[in-house]
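Enquirer: Sequence and predicted structure are below.
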Amino acid sequence: MRQLFATCLLTLHAGMLLAQDAQGKPGAGIYATHCVACHQPDGQGAPGVAPPLAGNVGRHAGNPEGRNYLARVPLVGMVGTITVDGVRYLGNNMPSFSALSDADIASVVGYVLRDFNGVADLSWLTPDFVAGVRQSGGTPNETHKQRGRLPVATGG
Ligand code: HEC
């Protein structure tokens, strides 16, 4: 009985630690639910499946066009071949997550930029900013074209 009680306490404790982790890093829970299957736990991506986000997408956080793109990708999705670090990702689409709220999109993009790319200034990444990008609409194909026009080179 005593042992069972101890096991229960341990399990409870582990559960609380997990919850704390998710709370301590805003957006981590959303990433784990919606993005991790393709982009992998540390955002390292998987050749043939999805590009890395770590050490990749942070380069777009410093200018208005790039910021717009970073919110548009999860809102609208993207189709078409891209190249990251010399690896081509073709035939795989980035799905749209338009069902997520503006706050959730801001939160998960913030997590990707902060935790995987070391971006410090995320003051621009508010739910209102995401709402503006959502309002301007667009198609997955247009997102791909937008990527090709970004001021900071993407590698193709
Ligand atoms: C079903 C797999 C899949 C899921 C789930 C997924 N992605 Fe993607 N993601 C992709 C693919 C594939 C691409 C590249 C699309 C292309 O080549 O047009 C991509 C591209 C991206 C890019 C652009 C990368 C670049 O180099 O420009 C970002 C940012 C991104 N995803 C963020 C996310 C976020 C945030 C989530 C979770 C809300 C997510 N993805 C969920 C497959 C996925």
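Expert: Done, it's in.
Enquirer: right, and residue 82 touches residue 50 too?
Expert: No - in terms of CB atoms under 8 Å, residue 82 does not count as a neighbour of residue 50; the distance is 10.2 Å. For every residue, glycine as well, the C-beta is placed using N, CA and C.
Enquirer: which residues do those two both contact?
Expert: Applying CB atoms under 8 Å, 6 or more residues apart in numbering, one finds that residue 82 and residue 50 are jointly contacted by residue 89.
Enquirer: what about residue 130, helix or strand, and which?
Expert: Assigned by DSSP states H and E, residue 130 belongs to helix 127-135.
Enquirer: for residue 33, same thing?
Expert: Using DSSP H and E, residue 33 falls within helix 28-34.
Enquirer: what comes into contact with the helix or strand just after that helix?
Expert: Downstream of helix 28-34, the next assigned helix or strand under DSSP H and E is helix 36-39. Contact with helix 36-39 is made by 45, 46, 49, 50, 51, 52, 53, 92, as judged by CB under 8 Å, 6+ apart.
Enquirer: now stretch 102-121
Expert: For stretch 102-121, contacts defined as CB under 8 Å, 6+ apart pick out 25-28, 30-31, 34-35, 42-43, 53-59, 61, 70-71, 74-75, 97, 100, 122, 125-131, 134.
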